[in-house]
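Asks: sequence and predicted structure, then a few things I'm wondering about:
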Amino acid sequence: EADIYQTPRYLVIGTGKKITLECSQTMGHDKMYWYQQDPGMELHLIHYSYGVNSTEKGDLSSESTVSRIRTEHFPLTLESARPSHTSQYLCASRGRGDQPQHFGDGTRLSIL
Amino acid sequence: AQTVTQSQPEMSVQEAETVTLSCTYDTSENNYYLFWYKQPPSRQMILVIRQEAYKQQNATENRFSVNFQKAAKSFSLKISDSQLGDTAMYFCAFMGLSSNTGKLIFGQGTTLQVKP
């Protein structure tokens, strides 16, 4: 069973606030990913990382930023939240070779 | 660019019956993986089954099996003996091997309701 954790699970917050969504994994995976998913819709890749000090933008443009200072930690930050950022954010990690991606529980973000 | 299409937004099946979820994809790559993920309501996305493109044999995991047609770029999921716990949204996903990013391209999803 994969060990990948996201906090918080749910967040309701006002416009203009700075938000950091946490993602941690204990498997030593090099590759980590952030997806955005609107309710009942498909997932879109917004950021990924090959390893420490590596971050890349995904297929869907996002105003969020990420960092990868430690292998196990891949936080996502919104400097100034807006209602358009309301969505679910899913973090995933993947080991080497042909390993599949393992997902966290997700963070449901609602910006008022 | 790769695309994944799931043309069935919603499906329902009676408990103990069999259901097939459809998925087609488009790619110019020859080496890739295909996956089916399950996302129960408000719960974690989990891997159901995966298929390596170079393998002709269809993957099977207990009650779940796939019909992989590489030439037709088709990858359907068959769930046998459906159970209430199979109720979830199912996503078909593609992972190309040419770039080594490991990123997944997802289909739109199919919501499956298993009825008692």
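Replies: Everything's here; your move.

Asks: contacting residues around the residue minimising distance to the centre of chain A?
Replies: Geometric centre of chain A, nearest residue: A:W34, 3.4 Å, by Cα atoms, centre = their mean. A:W34 is in contact with A:23, A:45-48, A:58, A:64, A:66, A:74, A:76, A:89-92, counting by Cβ atoms under 8 Å, 6 or more residues apart in numbering or on different chains. To be clear about C-beta, it is placed using only N, CA and C from the backbone, and glycine gets the same treatment.

Asks: in CSV: those, plus neighbour count.
Replies: As requested, the contacts of A:W34 are exported to CSV (neighbours: other Cβ atoms under 10 Å in any protein chain shown):
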residue, neighbour count
A:C23, 25
A:L45, 22
A:I46, 22
A:H47, 24
A:Y48, 24
A:G58, 18
A:S64, 19
A:V66, 23
A:F74, 28
A:L76, 23
A:Y89, 26
A:L90, 25
A:C91, 28
A:A92, 28
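
Asks: mind picking the lowest-pLDDT entry from those residues?
Replies: Lowest in pLDDT among these is A:G58, which has 90.

Asks: any low-confidence regions in chain A?
Replies: Regions of chain A meeting the criterion pLDDT under 70 cover residues A:1-2.

Asks: which residues are there in it that come within reach of chain B?
Replies: Neighbours of chain B within chain A, by Cβ under 8 Å from any Cβ of the partner chain: A:31, A:33, A:40-45, A:48, A:50, A:56, A:58-59, A:90, A:94, A:98, A:100-106.

Asks: hang on, B:V66 packs against B:V48?
Replies: No - the pair B:V66 / B:V48 is not scored as a contact, 9.3 Å apart, by Cβ atoms under 8 Å.

Asks: have a look at the two and say which one is more surrounded.
Replies: Legend: neighbour count by other Cβ atoms under 10 Å in any protein chain shown for B:V66 and B:V48, higher for B:V66 (25 against 20).

Asks: the helix or strand containing that one near chain A anywhere?
Replies: Using DSSP states H and E, B:V66 sits in strand B:64-69. No - Strand B:64-69 stays clear of chain A (Cβ under 8 Å from any Cβ), getting no nearer than 14.2 Å.

Asks: contacting residues for whichever residue of chain B sits closest to chain A?
Replies: Closest residue of chain B to chain A, Cβ to the nearest Cβ: B:M45 (4.0 Å). Counting by Cβ under 8 Å, 6+ apart, B:M45 touches A:90, A:103, A:106, B:37-39, B:91.
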